[in-house]
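# Compute the structure for the input listed below.
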Amino acid sequence: MAHAVRFHETGGPDVLKWEDVTVGDPGAGEVRIRHEAVGLNFADTYFRSGLYPVRLPDGIGVEAAGVVEAVGEGVTDVAEGDRVTYTGSPLGAYSTERVMPASHLIKLPPGISCETAAAMTMRGLTAAYLLRRIHPLEPGDTVLLHAAAGGVGLIVSQWAALLGIRVIATVSSKEKADIARAHGCEHVIRYRHENVADRVRELTGGAGVPVVFDSIGKDTFAGSLASLARRGLLVCFGTASGPVPPIDAMQLALHGSVFVTRPALADYIADPAERAALAGELFDHVAAGRITIEINQRYALKNAEQAHRELEAGRTTGSSVFVL
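Next up is the predicted model:
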């Protein structure tokens, strides 16, 4: 019997239910995949809480890796037995097996395990577009990175170091500061003990940084704006503390004619060729050992409620996965 985590109402982690499910045969353009590992992402909590709209009841989860067990009519890019990973809609990755569109799958190279793929596909592709697509960063540039000890943060930190980009990191604790430094961050700010914007100005000779990568949202928005250099870019790619406040356009001028963007990964991997290019660069770095994927938490899939509680409480570092 196949199983899945589903929810019938939005709310806290307790709405997640472990259920028996029936998985049929794939239709045209679809595959049936048996999961070996499932990714735990902060975005999952947005769907569960209702911040992102869902049609209930529904499954949950956007990232997993496993083995193709059957293919439907017209599927040519993958075959039975292929090891694959994916990230994105439709929801339902928190499952032992599922039927889904074949077009969403990315084949795994031999050097990448399913567990590693589930821990990095969403995070790694996010890091890829942040560093390789969203702004023309050059060697010697300095960026501010919030939540540097998280799953995306650790990948961005290592990748930035490979590109010669200096990272000023923010973290919540000494333990996380040590982790950030060990993964390439040049300076680390413990935001509960220091004023982030003041410290950034001090570290940059008063200039500020050209780019801020902010996955926290409401609590860091003002400090992120104040940390930007003239005509800098604030990249709001997550809302762990809540949505950013309404933007007063005049404030952008007063902070130095700065820019704000709220990107979504889906828009950077919608084109299959671009997705393949970003995934290929990511997989090459990981397979060669230039980027290490830190899986610091592993959960049984039926313990999704516990996993969400620990994630939202800030008790996790690096990547988290469900193992099957």
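# Let me see the contact set for the residue nearest to Gly208 when sequence neighbours are not counted.
Excluding the flanking residues, the one nearest Gly208 by CB to CB, 6 or more residues apart in numbering is Ala229, at 3.8 Å. Heads up, the C-betas are built off the backbone N, CA and C, glycines and all. The contact partners of Ala229, by CB atoms under 8 Å, 6 or more residues apart in numbering, come to Thr204, Ala207, Gly208, Val209, Pro210, Gly256.
# Mind checking which of those residues are in strands?
Val209, Pro210 (DSSP state E).
# just the buried members of the contacts of Ala229?
Buried members of the contacts of Ala229, scored by 16 or more other CB atoms under 10 Å, are Thr204, Gly208, Val209, Pro210.
# Hmm, the third one is touching Val143, no?
Meaning Val209. Yes - look at Val209 against Val143 with CB atoms under 8 Å: they come within range, at 5.6 Å.
# Overlap in contacts, those two.
Common neighbours of Val209 and Val143, counting by CB under 8 Å, 6+ apart, are Ile168.
# The closest residue in space to Ile293 that isn't next to it in sequence: how many residues sit nearby?
Nearest residue to Ile293 in three dimensions, chain neighbours excluded: Met120, at 4.7 Å (CB to CB, 6+ apart). A count of nearby residues for Met120, using other CB atoms under 10 Å, gives 31.
# Quick one: residues contacting Met120.
When contacts are taken as CB under 8 Å, 6+ apart, Met120 is in contact with Gly151, Ile155, Leu282, Val286, Ile293, Ser319.
# And for Gly242?
Gly217, Lys218, Asp219 are the contacts of Gly242 under CB under 8 Å, 6+ apart.
# That one is in what secondary structure piece?
Here Gly242 sits in a region with no helix or strand, counting by DSSP states H and E.
# Can you give me the pLDDT of it?
Note for Gly242: predicted pLDDT of 89.
# ditto for Ser157
What the model reports for Ser157 is a pLDDT of 97.
# Check this structure for its longest strand and report it.
Per DSSP E, the chain has its longest strand at strand 30-40.
# Any buried residues in the helix or strand following that strand, and which?
Toward the C-terminus, strand 30-40 is succeeded by helix 42-49 as the next helix or strand (DSSP H and E). Neighbour counts over helix 42-49 (16+ other CB under 10 Å) mark Phe42, Ala43, Asp44, Thr45, Tyr46, Phe47, Arg48, Ser49 as buried.
# Strand partners (parallel or antiparallel) of the longest strand of the chain?
In the sheet, strand 30-40 lines up against strand 63-71 (antiparallel), strand 97-101 (antiparallel), strand 319-323 (antiparallel) (DSSP bridges).
# Show me the domain layout of the chain.
As given by automatic domain parsing, the domain ranges for the chain are 2-122+293-323, 135-262.
# and the residue sitting nearest the centre point of the chain, which of the three is it?
The C-alpha lying nearest the average C-alpha coordinate of the chain belongs to Arg123 (CA atoms, centre = their mean; 3.3 Å). Recorded secondary structure, Arg123: helix (DSSP: H, G, I helix; E, B strand; the rest coil).
# isn't it right up against Gln158?
No - applying CB under 8 Å, one finds Arg123 not in contact with Gln158, separated by 11.6 Å.
# Show me the strands in the stretch 1-150 of the chain, by range?
2-7, 17-21, 30-40, 58-59, 63-71, 83-87, 97-101, 106-107, 142-145 (DSSP state E, counting those that start in this stretch).
# Identify the residues contacting the nearest residue to Ala28 once chain neighbours are set aside.
Nearest residue to Ala28, sequence neighbours excluded (CB to CB, 6+ apart): Glu73, at 4.4 Å. The neighbours of Glu73, taking CB under 8 Å, 6+ apart as the test, are Gly27, Ala28, Gly29.
# where along the stretch 101-250 of the chain do the helices fall?
Using DSSP state H, counting those that start in this stretch, the helices of the stretch 101-250 of the chain run over residues 114-132, 151-162, 174-182, 196-203, 221-226, 249-254.
# Only C-alpha atoms, please: export the last one in PDB.
What follows is helix 249-254 as a C-alpha-only set of coordinates in PDB (Å, rounded to 0.1, in the frame of the first residue of the first chain):
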ATOM      1  CA  ALA A 249       8.300  53.600  -3.700                       C
ATOM      2  CA  MET A 250       9.800  56.800  -2.200                       C
ATOM      3  CA  GLN A 251      11.700  54.700   0.300                       C
ATOM      4  CA  LEU A 252      13.600  53.100  -2.600                       C
ATOM      5  CA  ALA A 253      14.700  56.500  -3.700                       C
ATOM      6  CA  LEU A 254      15.700  57.500  -0.200                       C
END
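# Now it: buried residues?
Buried, per 16+ other CB under 10 Å, within helix 249-254: Leu252.
# Noted, bye for now.
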